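A.B. asks: sequence isn't available, so here's the structure alone:
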């Protein structure tokens, strides 16, 4: 279940005897690398304590919509943005009814309305309640609204009845959760991504670089892996863990990055140039540390190779995706860059906005192709990467070319 690695799972626990299984479910999700935060309804707290789930998840358990401390930072909105998936297990008949009707009368239902992340529920109730026409209608409505149902299973219930309505076991739910991140849209595709900054040496201790953290490129790599691609990540100097099942090549300078990319191109189907490559480098690199002798200092800079332009001219030519980090006239400048560099797609984001872009965990972007524009709203870089990869896969399979 490698698809769960580094995923943000927001686990909702509602009232019912199956709430005790939430403890084991948290353990299973964390064993496979997921980060888990828990939201409990008032009824759930009658069956299992928040302290138990806090100890297992390693995070405070959220129970109140109107928590003064959390609301000072719009806590429920932050939780909604944090989640890669909202998983409600167990999901009671009452919760299903309220979610179907779009109610927002507690923290959990409010989060479900506020999140852009997919929602999955694991129903748990008496067999007669599950078979009731109202519950069946609610289940059908939720599925039509793209809510995924995990189960329910059949078997002996706490009340002594036997039949459908039993919550699936934690192992099974964890497996189904992992499957939510495996789209298969890039099965068999070979993809190369550059990420992070490059550093251009001035002398043995000084260099020119930029603020790129590499987070967006690494998130794209993980999303592509989850979609079934074979991924090579060419990374500048960043302190980020390598996604599982990913080949990573570490480089320092733009010239080293170009060399590493060139070595991958003959077998590359899609290239994503996410790295913030330095446009210029010092013409010469001092062999010894430059001493501070004068009030001013001049360094002659020369142009670095334009990596993505080189890739776009390579034969066979991969599907080419570039990035445009702009501070003004975002769409116009990005569109000009796409045409100038002969790219299939360019992903434009506003780095003048301190809430997104460099060093932030969140981002927003506009995907621009010859066929039009597609906006991705503010979300975590993980969520944004999944949406971007889905769109890239769609364009790649459609065979759309730059114009």
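C.D. replies: Received the coordinates, thanks. Quantities reported herein were computed from a predicted structural model and do not represent experimental measurements.

A.B. asks: buried residues, stretch 343-355. List them.
C.D. replies: 343, 344, 345, 346, 347, 348, 349, 350, 351 (16 or more other Cβ atoms under 10 Å). Placement of C-beta: from N, CA and C, glycine included.

A.B. asks: for the protein, what helix or strand is lowest in average pLDDT?
C.D. replies: Ranking every helix and strand in the chain by mean pLDDT, DSSP states H and E puts helix 68-71 at the bottom, with a mean of 55.

A.B. asks: next SSE downstream of that one?
C.D. replies: Tracing the chain past helix 68-71, the next element assigned as helix or strand by DSSP states H and E is helix 75-82.

A.B. asks: tell me which of the buried residues of stretch 343-355 is nearest to residue 380?
C.D. replies: Looking at those and their distance to residue 380, the nearest is residue 349, at 13.8 Å (Cβ to Cβ).

A.B. asks: please tell me how far the residue lying closest to the closest one once chain neighbours are set aside sits from residue 385.
C.D. replies: Closest residue in space to residue 349, ignoring its immediate chain neighbours: residue 365 at 4.5 Å, by Cβ to Cβ, 6 or more residues apart in numbering. For residue 365, the distance to residue 385 under the criterion Cβ to Cβ, to the nearest Å works out to 10 Å.

A.B. asks: and for residue 228?
C.D. replies: Taken as Cβ to Cβ, the spacing of residue 228 relative to residue 385 amounts to 15 Å.

A.B. asks: the more surrounded of those two?
C.D. replies: Applying other Cβ atoms under 10 Å to residue 228 and residue 385 shows that residue 385 carries more neighbours, namely 26 against 15.

A.B. asks: give the contact list for that one.
C.D. replies: The contact partners of residue 385, taken as Cβ atoms under 8 Å, 6 or more residues apart in numbering, are 216, 219, 220, 222, 223.

A.B. asks: secondary structure and neighbour count added to those residues, as a markdown table?
C.D. replies: Formatted as a markdown table, the entries for the contacts of residue 385 read as follows, by DSSP: H, G, I helix; E, B strand; the rest coil; neighbours: other Cβ atoms under 10 Å:
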| residue | secondary structure | neighbour count |
| --- | --- | --- |
| 216 | helix | 31 |
| 219 | helix | 26 |
| 220 | helix | 29 |
| 222 | helix | 28 |
| 223 | helix | 27 |
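
A.B. asks: quick check, nearest of these to residue 93?
C.D. replies: For the contacts of residue 385, the closest approach to residue 93 (Cβ to Cβ) belongs to residue 223, at 35.0 Å.

A.B. asks: hmm, residue 380 and the closest one touching each other?
C.D. replies: No: in this structure, residue 223 is not within contact of residue 380 by Cβ atoms under 8 Å, at 11.5 Å.

A.B. asks: about what we covered before: save the buried residues of stretch 343-355 as a markdown table, and put in secondary structure and distance to residue 113 too.
C.D. replies: Below are those laid out as a markdown table (DSSP: H, G, I helix; E, B strand; the rest coil; distance: Cβ to Cβ, whole Å):
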| residue | secondary structure | distance to residue 113 |
| --- | --- | --- |
| 343 | coil | 37 |
| 344 | coil | 36 |
| 345 | strand | 32 |
| 346 | strand | 33 |
| 347 | strand | 28 |
| 348 | strand | 29 |
| 349 | strand | 27 |
| 350 | strand | 27 |
| 351 | coil | 31 |
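
A.B. asks: tilt between the longest helix along the chain and helix 75-82?
C.D. replies: With secondary structure taken from DSSP state H, the chain has its longest helix at helix 381-398. Relative orientation of helix 381-398 and helix 75-82, computed by axes from the mean of the first three to the mean of the last three Cα atoms, to 10 degrees: 40 degrees.

A.B. asks: buried residues, helix 381-398. List them.
C.D. replies: By neighbour count with 16+ other Cβ under 10 Å, helix 381-398 contains the buried residues 381-389, 391-393, 395-396.

A.B. asks: with distance to residue 246 added, can I get the residues you listed in CSV?
C.D. replies: Conversion of the buried residues of helix 381-398 to CSV gives the following (distance: Cβ to Cβ, whole Å):
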residue, distance to residue 246
381, 16
382, 15
383, 19
384, 18
385, 13
386, 16
387, 20
388, 17
389, 14
391, 21
392, 17
393, 17
395, 22
396, 19
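
A.B. asks: tell me the one of those residues nearest residue 196?
C.D. replies: The nearest member of these to residue 196, counting by Cβ to Cβ, is residue 381 at 13.3 Å.

A.B. asks: how about the closest one, nearest residue that isn't a chain neighbour?
C.D. replies: Taking Cβ to Cβ, 6+ apart as the measure, residue 381 lies nearest to residue 219, with 4.4 Å between them; neighbours along the chain are not counted.

A.B. asks: tell me which residues touch that neighbour, please.
C.D. replies: Contacts for residue 219 (Cβ under 8 Å, 6+ apart) come out as 381, 382, 384, 385.

A.B. asks: farthest-apart pair in those, please.
C.D. replies: The farthest-apart pair in the contacts of residue 219, when distances are taken by Cβ to Cβ, is 382 and 384, at 7.3 Å.

A.B. asks: tell me where the stretch 51-200 of the chain has strands.
C.D. replies: 85-91, 119-123, 148-149, 153-156, 162-166, 190-195, 200-201 (DSSP state E, counting those that start in this stretch).

A.B. asks: which of the ones you listed sits closest to residue 330?
C.D. replies: Closest among those, using Cβ to Cβ: strand 190-195, at 21.2 Å.

A.B. asks: ok, and what's touching the closest one?
C.D. replies: Counting by Cβ under 8 Å, 6+ apart, residues outside strand 190-195 touching it are 214, 216-218, 220-221, 224, 229-236, 238, 257, 261, 264-265, 267-275, 277, 307, 318.

A.B. asks: separation between residue 200 and residue 253?
C.D. replies: Distance, residue 200 to residue 253, by Cβ to Cβ: 6 Å.

A.B. asks: what sits in contact with each of these two?
C.D. replies: Residues touching both residue 200 and residue 253 by Cβ under 8 Å, 6+ apart: 278, 281.

A.B. asks: bridging residues for residue 120?
C.D. replies: Each beta-bridge partner of residue 120 is listed here: residue 87, residue 148, as defined by DSSP bridges.

A.B. asks: so where is the stretch 1-150 of the chain shaky, pLDDT-wise?
C.D. replies: 1-2, 66-76 (pLDDT under 70).
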